[in-house]
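Asks: quick one, what's the 3D model for this:
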Amino acid sequence: MMFWYDHDVSGWGWFAMSASMILFWALIITAAVLLFRALGRPHEDTHSPAHPSPEQLLAERFARGEINEEEYQRRLTALRSSGPLTKH
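Replies: Okay, the predicted model is just below:
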């Protein structure tokens, strides 16, 4: 009890404690929000790029002028009549 009343915290001490407590809780809340957002975000599959469908590839070739309209229609009919493609 020797130093009980001798080491009183001044006004700046109270200010520093209040500011550090606000900073502490702001950091805790920010970390919680960022963690919640990271866990709630749907996982994107970055390893397999999206491949366009055969019809899209054919349409791109027609748009670039690599094939004419007759060949485009013929190949499009052939693609649609063969049914869905399956991956092996």
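Asks: just for the protein, where's the confidence low?
Replies: Where the chain drops to pLDDT under 70, the residues are 1-10, 44-49, 83-88.
Asks: helices of that one, residue ranges please.
Replies: 11-40, 54-64, 69-82 (DSSP state H).
Asks: dump those to a markdown table, plus mean neighbour count.
Replies: For every residue, glycine as well, the C-beta is placed using N, CA and C. What follows is these, written out as a markdown table (neighbours: other C-beta atoms under 10 Å):
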| stretch | mean neighbour count |
| --- | --- |
| helix 11-40 | 10 |
| helix 54-64 | 13 |
| helix 69-82 | 12 |
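Asks: got the contact list for A59?
Replies: Y72 (C-beta atoms under 8 Å, 6 or more residues apart in numbering).
Asks: report the separation between it and G65.
Replies: 12 Å (C-beta to C-beta, to the nearest Å).
Asks: same check, this time on S18
Replies: 71 Å.
Asks: over to the residue most central in space within the chain: give its phi and psi.
Replies: What sits nearest the mean C-alpha location of the chain, by C-alpha atoms, centre = their mean, is R41, with 6.4 Å. The phi and psi values for R41, taken as degrees, to the nearest 10, are phi -80, psi 130.
Asks: with S53 instead?
Replies: phi -70, psi 160.
Asks: neighbours around it, how many?
Replies: When counting by other C-beta atoms under 10 Å, one arrives at 10 neighbours for S53.
Asks: over to E66?
Replies: 11.
Asks: mind listing what it touches?
Replies: Applying C-beta under 8 Å, 6+ apart, no residues contact E66.
Asks: for V33, see how far away it is.
Replies: Taking C-beta to C-beta, one finds E66 at 51 Å from V33.
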